[in-house]
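Visitor: Structure of the sequence below:
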Amino acid sequence: MKLVVVLLGFIAIASATVYFKDNLSGDWQSRWVVSNWKKDSNEAGEWKVSAGKYHADGANKIVGLQTSQDARFYAISSKFPKSFSNKDKKLVVSFSVKHEQNIDCGGGYVKLLPEPLDQKEFKGGASESVYNIMFGPDICGHSTKKTHVILNHGGKNHLVKKTIPCESDELTHTYTLLISPDNTYEVYIDGSKKESGSIEDDFPILPDKMIKDPSKSKPSDWVDQKMIDDPNDNKPEGYDDIPAEIVDSSAKKPEDWDDQLDGEWEAPKIANPEYKGPWAAKKIENPAYKGEWVHPMIDNPDYKPDSTLYSYANFGFIGLDLWQVKSGSIFSNFVVADSLDDVKDVTEIATKAREAEKKAKEAQDEIDRKKREEEEKAKKAEEDAHKADEPKEEPKEDL
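Guide: Below you'll find the model as predicted:
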């Protein structure tokens with residue numbers, strides 16, 4: 001029995017496939033191609049490989065592709081050793097990103113693209129290169145801080161309906177997307193599941209299963225007004241004669257008031273405590289109320305189930321095409337595989353790296369704080385010394 005279990009475990013491991021894995025070590029320029037997109041207009045940003053200002057050391061040190069110029073477009077891609085289809089298999093897409101510039105507006109997502117692709121012409125924007133999947137964080141101000149999941153079907157890009165949060169600090173975080181043959185998806189950040197669901201339910205790819213019956217409409221005599229004016233509630237006699245303001249009886253004409261120069265004095269007005277505002281009848285429940293009318297639903301004749309929404313015939317490339325107002329994001333530990341087990345190691349590395357980055361940043365922040373305090377003290381001392389050296393004004397003698 002033990003032998004059977006061991007053999008089954010071996011078969012499961014052997015069947016797992018890593019289609020692509022890159023931590024940007026070694027000769028990264030031989031594996032990644034920078035696009036010519038936006039170069040003619042001098043709007044293309046320059047990529048470099050860096051570990052950033054704060055990083056772990058040794059095996060947990062993460063180096064990656066870093067954006068290096070503010071207010072620029074970036075596009076770069078890498079070809080898979082062999083193209084593949086995820087039909088009947090799970091698909092896992094994972095990568096790490098560190099926004100060490102304290103990002104204010106910019107993308108942090110990856111794209112999986114099919115063959116063929118001219119990598120020198122890979123681009124985003126209005127005429128973007130066709131992709132299968134786009135996944136990762138997007139941040140712009142306080143209103144946009146979310147993780148995108150976009151699936152391309154029928155030549156259209158379909159954004160997930162749910163709002164999935166993302167991280168926006170200055171530390172390394174791992175984003176992982178799992179798509180399964182049962183038409184489901186899962187999103188993980190730093191190994192923790194943040195969202196999951198059905199592709200059919202959560203993406204606007206297929207027509208709705210049910211639609212409002214076009215042959216039905218709300219009856220003309222349908223009463224959906226829940227509350228009405230009480231017909232027995234009458235406005236009190238003289239109600240409208242009560243003014244909103246009255247003369248302030250406590251006000252007195254100023255002693256220095258001159259009628260010829262200032263005009264005839266009039267006492268100011270104040271709010272009338274007797275005034276109750278425009279009259280309105282009390283509300284009562286409408287005895288004719290029938291409730292909210294619900295439009296009858298019918299099966300949508302245009303709806304057809306599709307069990308292959310998860311599947312793509314061809315994956316050939318992974319790419320980054322971004323716009324960043326403030327540069328500095330670092331991307332690394334790219335993994336494309338068919339099992340979550342294949343991203344455990346890079347997730348653990350990112351967790352240890354994040355802890356080291358946090359400690360290093362906190363230490364530097366403390367150094368910077370003390371430096372600012374010393375500078376402020378020195379500045380104040382200089383100002384005080386300057387005031388002490390200023391000649392004092394002699395008191396003037398009375399004539």
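
Visitor: need the next SSE after the helix or strand of the chain with the lowest mean pLDDT, C-terminal direction.
Guide: Within the chain, no helix or strand scores below helix 2-15, which has a mean of 41 by mean pLDDT, DSSP states H and E. Once the chain leaves helix 2-15, the next helix or strand it forms, by DSSP states H and E, is strand 18-22.

Visitor: Name the strands paired with that next one and say parallel or antiparallel.
Guide: Strand pairing for strand 18-22, determined by DSSP bridges: strand 329-337 (antiparallel).

Visitor: what is the mean pLDDT for the next helix or strand after the partner strand?
Guide: Counting by DSSP H and E, the next helix or strand C-terminal to strand 329-337 is helix 344-389. Across helix 344-389, pLDDT averages out at 88.

Visitor: Okay, angle between helix 344-389 and strand 18-22 too, please.
Guide: Following axes from the mean of the first three to the mean of the last three CA atoms, to 10 degrees, one obtains 20 degrees for the angle between helix 344-389 and strand 18-22.

Visitor: just how off-centre is helix 344-389 within its chain?
Guide: The chain centroid and the centroid of helix 344-389 are separated by 29 Å under CA atoms, centre = their mean, to the nearest Å.

Visitor: Mind jotting down where the helices sit in the stretch 51-200 of the chain?
Guide: Secondary structure of the stretch 51-200 of the chain by DSSP state H, counting those that start in this stretch: the helices cover 199-202.

Visitor: What ranges does it have for its strands?
Guide: Using DSSP state E, counting those that start in this stretch, the strands found in the stretch 51-200 of the chain span residues 64-67, 72-84, 91-99, 105-107, 110-113, 133-140, 144-153, 156-159, 172-180, 184-189, 192-198.

Visitor: Those strands into a markdown table, with extra columns for mean pLDDT?
Guide: Listed next are these as a markdown table, based on pLDDT from 0 to 100:
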| stretch | mean pLDDT |
| --- | --- |
| strand 64-67 | 97 |
| strand 72-84 | 97 |
| strand 91-99 | 97 |
| strand 105-107 | 88 |
| strand 110-113 | 98 |
| strand 133-140 | 95 |
| strand 144-153 | 95 |
| strand 156-159 | 96 |
| strand 172-180 | 98 |
| strand 184-189 | 98 |
| strand 192-198 | 98 |
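
Visitor: quick one: buried residues of stretch 23-31?
Guide: 23-24, 28 (16 or more other CB atoms under 10 Å). Just so you know, the C-beta spots here come from the backbone N, C-alpha and C atoms, and that holds for glycine as well.

Visitor: Over it, what's the mean pLDDT, rounded is fine.
Guide: Mean predicted confidence for stretch 23-31 is 95.

Visitor: ok, and what's touching it?
Guide: With contacts defined as CB atoms under 8 Å, 6 or more residues apart in numbering, stretch 23-31 is touched by 22, 49, 62-65, 78, 332-334, 346.

Visitor: Buried only: go through those residues for me.
Guide: Buried, going by 16+ other CB under 10 Å: 22, 62-65, 78, 332-334, 346, out of the contacts of stretch 23-31.

Visitor: Reformat those into CSV and put distance to Pro254 next to each item.
Guide: Shown next, in CSV, are these (distance: CB to CB, whole Å):
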residue, distance to Pro254
Asp22, 85
Ile62, 77
Val63, 80
Gly64, 77
Leu65, 77
Ser78, 84
Ser332, 78
Asn333, 80
Phe334, 81
Val346, 82
